[in-house]
Structures are given as C-alpha cells and as structure tokens.
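In: Pasted the sequence and its predicted model underneath.
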Amino acid sequence: MSSVNLTSLGANQVKSTTSGEMVEIGSLWQEQTVVLFFLRRFGCQVCRWMSAEVSKLEKDLKANGVALIGIGPEETGVKEFMDGGFFKGGGEKVLLHFVQKSPADNISLEDMTKALGISANVQAGEKPQVKTGSICKVKPQIL
C-alpha cells in the first residue's frame, strides 16, 4: 500500500454538486471520518455499479459517524448520475488506500467495513462485464 500525503490531497478543491461552492477536500474529514470514493466518470457503467455497491454501506457508515463522499473528475453526466440514485453519500489518517488497477477492480465491502472497524449486513452484487480496451474519459466534482 502506498502512502497518501493528506496535506497535499486535502489542499485540492472540488465543486459541490449540491451548493455549487468550491471546497477543500481536507475540510471533508475535519469533523468526522469519511470514505472518499473517487469515480472515473459519472456515465461509466462500472463506476455506476461500484457506486451502487459502496452505497449499500451508507446506512451503516452513517450510524457509525462515517460520511460517504463521492468525487468525480468532470461535470458531464453528474445530473443523470445523481438523478439515477447510483450513490447514497453526500480523519487524520488513512485506514485503507485502494487504487484500481483494472476497470472492474474494486475493494470488497467487507474489507472496507473491516478497515473502519464497523460491521454491516450487506451482500455484494455481481460485477459487471467489462470490455477490454474501453476508455473512460477523465474537473473534479463532489457529491
């Protein structure tokens, strides 16, 4: 697992999809633990599936004082993504750092809750089939 420079990461600004204001990423974890979920593209079917998967944990995360926050690279498709209900989300150390290595590569819900020290009673869905060679185009947005 590579280390994450939280000072550097936290200094980046993203635009809130709800308020339209620019906020520093670091402000998101100042008052509570957060799961930052980075998406490649709002129209990407794999990103939508992975968002729906991690959103299964939203109720349990919230009950344990953990916010679920999604960040995407562009404004294109964000309205349809939000309207489609794919994502249910709106600390000073990294508990778990996961970097996707292939299009449908994702962290398990069990590993995520284990890293947070909480339990959840959810079942993972079936991974979508990904065509090899498909490219997802990549302006940060925050959900």
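Out: That came through fine.

In: Run through the helices of the protein in chain order.
Out: 6-10, 45-55, 58-63, 78-83, 109-116 (DSSP state H).

In: quick one: which of the ones you listed is nearest residue 30?
Out: Residue 30 sits nearest to helix 6-10 of all the helices of the chain, at 8.9 Å, using Cβ to Cβ. All C-beta spots, glycine's among them, are computed from the backbone N, C-alpha and C.

In: and that closest one, how far from the chain's centre?
Out: 17 Å (Cα atoms, centre = their mean, to the nearest Å).

In: in it, what counts as buried?
Out: Residues of helix 6-10 include none that count as buried (16 or more other Cβ atoms under 10 Å).

In: And stretch 41-57, by the same measure?
Out: The neighbour-count check on stretch 41-57 (16+ other Cβ under 10 Å) flags 41-44, 46-51, 53-57 as buried.

In: Correct me if wrong: residue 57 contacts residue 110.
Out: No - using Cβ atoms under 8 Å, residue 57 is not in contact with residue 110; the gap is 10.1 Å.

In: Is the residue most central in space within the chain bridged to anything, and to what?
Out: Nearest to the geometric centre of the chain sits residue 37, at 1.3 Å (Cα atoms, centre = their mean). Listed by DSSP bridges, the beta-bridge partners for residue 37 are residue 70.

In: What does the pLDDT read for it?
Out: We have a pLDDT of 85 for residue 37.

In: how far away is it from residue 5?
Out: When distance is defined by Cβ to Cβ, to the nearest Å, residue 37 is 19 Å away from residue 5.

In: cool, and residue 30?
Out: Relative to residue 5, residue 30 is positioned 17 Å away (Cβ to Cβ).
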